[in-house]
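**Q** let's see this in three dimensions:
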Amino acid sequence: MSAFVAGQIIFAATIAGQPSGIPPGDTLSNSLGMEFVRVEPDEFLMGSDDEPLPEGLGNVAYLPHGDFDEHPRHRVRITQPFFMAVCEVTNAQCEQFDPEHRKLRGKMGFSKDDDEAAVFVSWHDAVRFCDWLSKKEGLPYRLPTEAEWEYACRAGTNTLFNTGDSLPEIYHKVQGECWYPDPDPRDPGVLSTSHVGQTPPNAWGLHDMHGNVEEWCYDWYGPYEPGEQADPLGRADGKFKVTRGGSHSTFIYYLRSANRSSALPDDRTWLIGFRLVLAPLPISKPLPPAPPTLCMQGVKQGVPPDVTKGPNPAQPYFKGPRVYVKIPPDANGPLFARHNHVPSIVECPNGDLLAVWYTCVREPGREVALAASRLRFGDDEWEPASLFWDAADRTEGANALWFDGDKTIYNFIGFSVAATWGNLAVAMQTSTDSGATWSRDRIILPEHGLRQIPIPSVIRTRDGQIILPCDADTGEGGTALFLSPDNGDTWCDPGGTAAGIHAGVVELNDGRLMTLGRGNNIDGMMPMSLSDDMGKTWVYRASPFPPIGGGQRLALVRLQEGPLFFASFAKEMPLPHGAGGQRQVSGLFAAVSCDDGETWPLVRVLNDPPDRGLETLDGRPFMMTATSAEPAGYLTAIQARNGVVHLISSRQHYVFNLAWLVQTPTPQKQD
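**A** Modelled structure (predicted):
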């Protein structure tokens, strides 16, 4: 039996199995000093309509009607009263359940004081707190449903904020785009406090519903359904849990009443805390899980008997380029027509090709999501793009696909605290059915920060270690390697840094690792890095290749036949042509080394007749001729089991074999 104060009324609640019911009164204070207000049932309009948003909400003019996931706006009935905490759970309150949380105070400079919102808590941490308090006090504490949260936030309003269609400056806490902890000058470098209850409450007495920190909700995240609903519970399952309310260190746009965010339930960041509700969970039936998107539908199983049969390896073979990024020109979420970049590609066990890349308007924007397309085995055209992975309002900074050669596809995803790629953690998911379904994401590099921007150049060494390369910072700071000796169960960072970002990595025949990267140029040439201790230390030297810059990434792969394959970009590079002649070429080129990178005698521009106009990154036109090829794009390459090399840029897909690569172009045969 536990005593509570509800207004001036003293009452008692008795535990009889599971807690049930809520106390009487309009307000209450519990044993942790938490203040609650009673929220009465009613109905409201949930989500956003199609009316244009006003200016002044931040750098998101490209989302004029709210995010896609706020539609359709629909009527929701809340049929039972509930108590909601006036403020978010504080450090002092959280530590009465988990004293170890005190060690997180001040982590990375955030949430130091007793009365600041507790952060660095996962969804599971928040649920455990609710369960502990429910058992302690005999009352049904839990996280709010997403519908309850928006209903309580709006407090009877129908505007962008419960303050109207603008949010007064008193609510602002470093509202902008945050690169922290990256020291890049793009970040203002100002850290916000998260003291609770310091801004005016809404009409129902609730503080910090717009900003301070995001708050975990009960629901699995998923698309809205049209039509009137009563006490909705979100989806029955999913990848992400809903967060609401926005936070400091982001644009005001993401603090609107209708705005929806989500995160992996294991994620712990300095922007997410939680708030309690006191009421039994509604008995509504959740919506079914969201249906699979196109790239995961109708995926054939089994290995085709002719998956290893390709073109005659003794005869040169080239096909393409053909477009694999197929998004309608007016798409504005979750896929975006404007900017599609940073791809990864894998051959599935069933012979399909799967490409994944990020789609957005602005690379650091919170709208960034991962799109995918599939080229089914035996087909000639890639399917239209579909959504692949999207933690709502989190930048997916990069991803890396890898097939282990047996039955498992690995995907490594760098995801942000909010916007930008200055604070990524890395999750890993796997598929054993050619990408039709994927495992739950496991966060393998959980501390959001630098050195964790995945590069699609994953390899397995001869001693069985998986190597995941990652950009070491957001500029030109080199490449880190993460190693797993146990098929991805555990990972370690050897500590060294290879020269250049976006590096491709290969294992040499003598056991050393070699990388080529962008930036950190040596003597005006692309840097080559060599390590004989699995990335702990590196030696650097100039490669024979010209450096590359913005909008460009190289590809480096060891071929099944033994040589190393390299692809990159050049401007007016002399190449052999015909009987002892040379000519200047520009754009995408390929090179082959038969001596583990000591020399690269076989170099050719990557094109094929006839001359024609094509499109590169973001639809920019270019001419493919005998001396010019695609000028930009982020490259990634694999060699399929039939010996054919698949190289993709940020838009185009090229297919060729080793015989074509080593063929010397002649005046009669254009590159």
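**Q** beyond the lowest-mean-pLDDT helix or strand in the chain, next helix or strand please.
**A** Across the helices and strands of the chain, mean pLDDT, DSSP states H and E gives its lowest value to strand 9-13, namely a mean of 29. Using DSSP states H and E, the next helix or strand after strand 9-13 towards the C-terminus is strand 27-29.
**Q** got a list of what P544 touches?
**A** 525, 599-600 (C-beta atoms under 8 Å, 6 or more residues apart in numbering). C-beta: built from backbone N, CA, C; applies to glycine.
**Q** let's see that with 7 Å instead.
**A** 525, 600 (C-beta atoms under 7 Å, 6 or more residues apart in numbering).
**Q** what of V644?
**A** Here V644 is in contact with 310-311, 655, 657 (C-beta under 7 Å, 6+ apart).
**Q** now it, nearest residue through space, not along the chain?
**A** Leaving aside its chain neighbours, V644 sits nearest to G310 (5.0 Å; criterion: C-beta to C-beta, 6 or more residues apart in numbering).
**Q** likewise K107?
**A** Computed as C-beta to C-beta, 6+ apart, the closest residue to K107 that is not its neighbour in sequence is F120, at 5.9 Å.
**Q** could you give the number of residues near the one you found?
**A** Neighbour count of F120, defined by other C-beta atoms under 10 Å: 20.
**Q** remind me which helix or strand it belongs to.
**A** Assigned by DSSP H and E, F120 belongs to no helix or strand.
**Q** okay, it: pLDDT?
**A** What the model reports as pLDDT for F120 is 98.
**Q** for the residue nearest to V644, what are its contacts?
**A** Applying C-beta under 7 Å, 6+ apart, the residues near G310 are 642-644.
**Q** cool, and A391?
**A** A391 sits next to 240, 262-264, 415 when contact means C-beta under 7 Å, 6+ apart.
**Q** can you rerun that using 6 Å?
**A** 240, 262-263, 415 (C-beta atoms under 6 Å, 6 or more residues apart in numbering).
**Q** report the separation between it and L206.
**A** 26 Å (C-beta to C-beta, to the nearest Å).
**Q** closest to E137 among the contacts of V644?
**A** The shortest approach to E137 among these belongs to V655, at 65.0 Å (C-beta to C-beta).
**Q** pretty sure that closest one is touching P321, no?
**A** No: judged on C-beta atoms under 6 Å, V655 makes no contact with P321 at a distance of 8.7 Å.
**Q** run a quick neighbour tally on G302.
**A** Neighbours of G302 using other C-beta under 10 Å come to 10.
**Q** which non-adjacent residue is nearest it?
**A** Here the residue nearest G302, using C-beta to C-beta, 6+ apart, is N350, at 6.4 Å.
**Q** how many other residues sit next to that neighbour?
**A** Residues lying near N350 (other C-beta under 10 Å) number 18.
**Q** how close does it get to K300?
**A** Applying C-beta to C-beta to N350 and K300 gives a distance of 5 Å.
**Q** and the spatially most central residue of the chain, how close does it get to K571?
**A** For the chain, the residue sitting closest to the mean C-alpha position, by C-alpha atoms, centre = their mean, is E396 at 2.2 Å. With distances taken as C-beta to C-beta, E396 is found 31 Å from K571.
**Q** no further queries at this time; thank you.
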